[in-house]
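1. Have a look; sequence and predicted model below, questions after that.
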Amino acid sequence: MKIINTEYRFSEWFKKNYKKLGYSKILKKDFGKFPDYLMLKKGKAVRVELETLSSNFILHNHDPKKVDEVVCIKKDIKLKVPTIEVKGLKYVPRIVRVSATINPETINIIELIMRGGKYRNKSHLIEDAIKLLKEKEDEK
């Protein structure tokens, strides 16, 4: 069983193995944008989104009307979109999702920082903030 730990690695696997899943050709690859791929399947163009977990489709706020199929490593929830679970792969995340409860003032600060364009998402901003706090603690 092959272990995959990021969506990027899953995309690399997909590019080499798409024929095993019934696709005949990659028409367009746009990994990182939605949907990730435009594939040829049974003579038709198919919009495909890759997700390590099917629940990430919901978490990423993807529009089910703008995709034809989701290909995932683990189907942890049922989607309103046809979903293909890849057998022979195991998803072992390199990072773990945590939740946090924050006050409105803090979310306003996060949103203000996000507008600067330096961070791709809130998780990256929070990771940097934690690293800075750790450095401050280590200086003491």
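-> Yes, it's here. None of the values given here were measured: they were computed from a predicted structure. Residues are numbered from 1 along each chain as shown.

2. Could you check how far Pro104 is from Val67?
-> Distance of Pro104 to Val67, given as Cβ to Cβ, to the nearest Å: 33 Å. Yep, even glycine has a C-beta here, placed from its N, CA and C like the rest.

3. Tell me which of the two has more neighbours.
-> Applying other Cβ atoms under 10 Å to Pro104 and Val67 shows that Val67 carries more neighbours, namely 20 against 7.

4. List the contacts of the lengthiest strand in the chain.
-> Scanning the chain for the strand with the most residues, using DSSP state E, yields strand 44-53. With Cβ atoms under 8 Å, 6 or more residues apart in numbering as the test, strand 44-53 has contacts from 4, 6-7, 10-11, 14, 23, 27, 31, 34-40, 57, 60, 62, 66-74, 76, 81, 91, 93.

5. Need the mean per-residue confidence for that strand.
-> Mean pLDDT, strand 44-53: 96.

6. same check, this time on stretch 129-140
-> Computed over stretch 129-140, the average pLDDT equals 90.

7. Report all helices and strands that the lowest-mean-pLDDT helix or strand in the chain contacts.
-> The helix or strand of the chain with the lowest confidence, counting by mean pLDDT, DSSP states H and E, is helix 122-139 at a mean of 89. Where contact means 3 or more Cβ pairs under 8 Å, 6 or more residues apart in numbering; DSSP states H and E, helix 122-139 is packed against helix 104-115.

8. Tell me how the protein divides into domains.
-> Using automatic domain parsing, the domains assigned to the chain come out as 2-91, 104-139.

9. measure the first one end to end?
-> So the one you mean is domain 2-91. End-to-end distance for domain 2-91, by Cα to Cα, to the nearest Å: 9 Å.
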